[in-house]
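Engineer: Build the 3D model from these lines:
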Amino acid sequence: MVNQTYTADVLVVGGGTGGIAAAIQAARRGAKTILVSEFPWLGGMLTSAGVSVPDGNELEAFQTGLWGAFLQELRQRQPGGLDNSWVSFFSYDPRIGAKIFADWVQELPNLHWISGQVPLEVFRQGDSITGVRFADFAVTAKIILDGTELGDLLALADIPYRWGWELQSEWGEPSAPVTFNSLTQRYPVQAPTYVVIMKDFGEAIAPEIPAAPNYNPSQFTGAWDGYGAETFLNYGRLPGGLFMMNWPICGNDYGEGVGRLIESDVSRGEFIQESRWHSQNFAHFIQNQLGSRYGLAEKVFPHTSTAFALHPYYRESRRLVGLTTVREQDILPIARGRVASIFNDAIALSVCVPLRGSKLRGVSPTGEAIAVGNYANDHHYPGVQFPLQPKSIRWGGRWTGTPFTIPYSCLIPATTDGFLVCEKNISVSHIANGATRLQPMVMGIGQAAGMAAAICVELNCQPRDLPVRTLQTALLEDNRSKALIIPLFNLPPNHSDWRHWQLYYLENPQAYPVSGDCPCPSGKALIPESNCFTGIFYRLSQQGYRFTVTTPAAYQGQNWQLVTLRSHIDEQLRAYPHEQLVTLWGRYNHSGNWLLVEHLNGG
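Structural biologist: Numbers count the residues shown, from 1 in each chain. This is a model prediction of the structure:
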């Protein structure tokens with residue numbers, strides 16, 4: 001029974017990575033915003049799902065928008081810094097991440113957050129979504145955004161969505177299967193992971209981790225073969241002797257009967273329980289194999305089982321059938337280049353009857369970029385190696401991913417008004433989802449969706465009628481967290497020419513360089529928290545560097561890999577003479593055995 005009805009300009013359902021970004025951006029733009037979340041923590045993958053070792057958008061030039069602001073807050077609040085693991089340049093206590101998002105919400109008087117609620121019904125008037133009913137209240141709004149982890153509003157509103165694989169015959173994706181097979185049947189979407197946080201109790205004996213009912217130790221045999229126990233644990237090392245367990249090799253990915261996630265509430269609950277047991281069993285296995293010093297962390301998450309995330313880390317959800325669909329071709333590097341095309345020639349939907357005033361309907365999405373990602377295309381199917389077209393490049397002494405852009409029209413339903421998506425539920429193929437699902441990418445999508453919703457309210461227009469350039473300009477010029485539109489390796493957001501080159505390539509996409517470098521020097525400011533090291537520089541290969549320390553004495557003789565996230569340092573490393581003495585400023589990461597270089601000699 002509905003006891004109260006709230007009204008808002010913008011309603012965001014789901015407080016995950018995309019949902020919180022959308023709500024904050026809409027409210028900062030001035031829209032009266034209501035955010036309804038299922039969980040008491042905001043941030044989704046970055047916090048409540050426990051993936052506090054995020055991947056993607058790690059290069060300095062890509063640390064923009066709310067993602068960049070989140071990193072800046074983490075650097076200020078996380079004791080000991082963010083250089084703790086080897087799988088990511090950023091690892092932090094999820095409690096700190098959750099506090100950041102809660103503080104951002106608290107700052108905004110026009111943002112009303114309600115937690116502990118899930119959507120039960122969607123209200124329609126003709127082709128428009130007008131509101132959502134929850135257990136004992138409803139919300140009506142001018143624009144409604146689906147920020148749920150599994151695209152639940154799509155199903156409740158009967159908005160067409162995809163679930164599962166597309167064949168190669170559909171869009172010509174090079175990595176798509178030619179026919180449906182045992183893999184596509186067993187894993188219609190990527191496997192989730194129920195993250196568990198473990199702790200090194202040192203000399204003390206940790207409490208015993210009991211096995212769950214479905215324990216089968218053979219599932220985990222060989223989990224860290226080829227890595228060693230210490231390297232395995234350091235994969236997701238967090239501050240304070242904690243370890244994030246999100247391990248794909250004979251680890252805690254779980255995909256048995258993953259289709260149950262969208263069949264019913266009961267079947268979803270069964271899957272979630274099994275996946276949590278699977279992670280409990282993995283933790284039990286680790287304790288038995290590596291010793292009783294390793295146990296479950298204490299008082300991390302705000303519920304009874306404090307070492308287990310509030311919900312699984314979902315890598316894939318229902319995916320909108322939008323005005324355009326992002327395919328694998330749209331995220332792969334262009335010929336002889338190290339960037340994807342910003343022309344965004346994603347497949348435009350042409351089979352539907354145009355709605356009134358549809359400016360985007362059937363129009364090529366050239367110039368529609370509203371968010372940037374750069375992660376490699378990464379799919380998770382337990383026990384299966386699935387080959388994908390490579391989109392990785394060597395940069396800064398390490399591997400990173402080809403940057404690509406997301407078009408605005410993949411956030412807009414093909415035939416429904418008053419509605420946008422802002423999570424992993426964008427209009428994207430199953431194959432391309434492996435790269436678009438990453439946390440910084442989703443946060444950028446959420447920020448763009450929230451900005452779009454607020455501007456639609458200002459202009460009294462539907463999302464499909466919003467001029468894309470108006471949205472792009474607003475993102476570039478946001479006074480709190482300006483967001484990247486065009487990926488350029490050598491243009492950090494604090495550069496004086498940043499806005500100029502962003503707008504230039506929006507106006508002249510054909511001039512976008514295949515190198516991803518614009519014709520201007522990048523900034524060279526010294527990072528104050530860096531430490532100074534001297535040693536011998538060795539060039540092992542192109543984009544492969546070793547550093548033998550001579551000073552300080554505490555590290556003398558140690559050999560470290562050199563990596564950087566800064567474009568001008570990348571250039572200097574590529575040009576530095578082999579076997580020469582060098583003075584570096586940076587931060588040493590024990591888990592990765594690398595020095596993150598922030599400054600090189602007088603550069």
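Engineer: Wait, a helix at residue 464?
Structural biologist: Yes. Checked against DSSP: H, G, I helix; E, B strand; the rest coil, residue 464 lies within a helix.
Engineer: State the number of residues packed around it.
Structural biologist: 25 (other Cβ atoms under 10 Å). For glycine as for every other residue, the C-beta is placed from the backbone atoms N, C-alpha and C.
Engineer: Report the separation between it and residue 27.
Structural biologist: For residue 464, the distance to residue 27 (Cβ to Cβ, to the nearest Å) stands at 23 Å.
Engineer: Same question for residue 330.
Structural biologist: Going from residue 330 to residue 27 by Cβ to Cβ gives 31 Å.
Engineer: Count the neighbours of residue 172 for me.
Structural biologist: Number of residues near residue 172 (other Cβ under 10 Å) recorded here: 11.
Engineer: Over to residue 321?
Structural biologist: Other residues near residue 321 number 18, with proximity taken as other Cβ under 10 Å.
Engineer: go on, residue 99?
Structural biologist: Residues near residue 99, counting by other Cβ under 10 Å, number 17.
Engineer: do residue 413 as well
Structural biologist: By the measure other Cβ under 10 Å, the count of residues near residue 413 is 28.
Engineer: which one is it nearest to, not counting chain neighbours?
Structural biologist: residue 159 (5.1 Å; Cβ to Cβ, 6 or more residues apart in numbering).
Engineer: SS state for that neighbour?
Structural biologist: With three-state DSSP as the criterion, residue 159 reads coil.
Engineer: In this structure it contacts residue 419, no?
Structural biologist: Yes. With contact defined as Cβ atoms under 8 Å, residue 159 and residue 419 form a contacting pair (7.0 Å).
Engineer: Which residues are in contact with each of these two?
Structural biologist: The contact sets of residue 159 and residue 419 overlap at 129, 153, 413 (Cβ atoms under 8 Å, 6 or more residues apart in numbering).
Engineer: how far is stretch 113-120 from where the chain is centred?
Structural biologist: 23 Å (Cα atoms, centre = their mean, to the nearest Å).
Engineer: first vs last residue of it, how far apart are they?
Structural biologist: Terminal residues of stretch 113-120 lie 18 Å apart, using Cα to Cα, to the nearest Å.
Engineer: Okay, buried residues for that stretch please.
Structural biologist: By neighbour count with 16 or more other Cβ atoms under 10 Å, stretch 113-120 contains the buried residues 113, 117, 119.
Engineer: for stretch 60-75, same thing?
Structural biologist: For stretch 60-75, burial by neighbour count (16+ other Cβ under 10 Å) applies to 60-71, 73-74.
Engineer: outside of it, which residues touch it?
Structural biologist: Stretch 60-75 is contacted from outside by 21, 24-25, 46, 57, 81-82, 90, 92, 96-97, 100, 372, 374, 403, 440, 443-444, 446-447, 475, 478, 480-484, 487-493, 522, 565-567, using Cβ under 8 Å, 6+ apart.
Engineer: Name only those of the residues you listed that count as buried.
Structural biologist: By 16+ other Cβ under 10 Å, those give 21, 24-25, 46, 57, 82, 90, 92, 96-97, 100, 372, 374, 403, 440, 443-444, 446-447, 475, 478, 481-484, 487-493, 522, 565-567 as buried.
Engineer: Can I get stretch 214-224 in PDB? Just the C-alpha atoms.
Structural biologist: Taking C-alpha atoms only, stretch 214-224 is exported to PDB below (Å, rounded to 0.1, in the frame of the first residue of the first chain):
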ATOM      1  CA  ASN A 214      28.400 -26.800  -0.900                       C
ATOM      2  CA  TYR A 215      32.100 -27.100  -0.100                       C
ATOM      3  CA  ASN A 216      34.200 -28.800  -2.800                       C
ATOM      4  CA  PRO A 217      37.900 -28.200  -2.400                       C
ATOM      5  CA  SER A 218      38.700 -29.400  -5.900                       C
ATOM      6  CA  GLN A 219      37.100 -26.200  -7.200                       C
ATOM      7  CA  PHE A 220      39.900 -24.200  -5.800                       C
ATOM      8  CA  THR A 221      42.900 -26.500  -6.400                       C
ATOM      9  CA  GLY A 222      45.700 -24.600  -8.200                       C
ATOM     10  CA  ALA A 223      44.200 -21.200  -7.500                       C
ATOM     11  CA  TRP A 224      47.600 -19.500  -7.000                       C
END
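Engineer: Tell me where the stretch 201-350 of the chain has helices.
Structural biologist: Shown for the stretch 201-350 of the chain, the helices assigned by DSSP state H, counting those that start in this stretch span residues 229-234, 265-290.
Engineer: And the contacts of the strand or helix carrying residue 533?
Structural biologist: In the assignment (DSSP states H and E), residue 533 maps to strand 531-541. For strand 531-541, the external contacting residues (Cβ under 8 Å, 6+ apart) are 545-552, 555, 562, 576-588, 595.
Engineer: Show me where the stretch 201-350 of the chain dips below the pLDDT cut-off.
Structural biologist: The stretch 201-350 of the chain contains residues with pLDDT under 70 at 344-345, 348-350.
Engineer: any idea whether residue 370 is helix, strand or coil?
Structural biologist: strand.
Engineer: ok, the residue nearest to it when sequence neighbours are not counted to residue 180 distance?
Structural biologist: Distance criterion Cβ to Cβ, 6+ apart; nearest residue to residue 370, sequence neighbours excluded, is residue 448 at 4.0 Å. From residue 448 over to residue 180 the distance is 34 Å, taken as Cβ to Cβ.
Engineer: For the two, indicate the residue with more neighbours.
Structural biologist: Between residue 448 and residue 180, counted using other Cβ under 10 Å, residue 448 has the larger neighbour count: 29 against 11.
Engineer: Confirm for me that that one is in contact with residue 475.
Structural biologist: Yes. Judged on Cβ under 8 Å, residue 448 makes contact with residue 475 at a distance of 6.2 Å.
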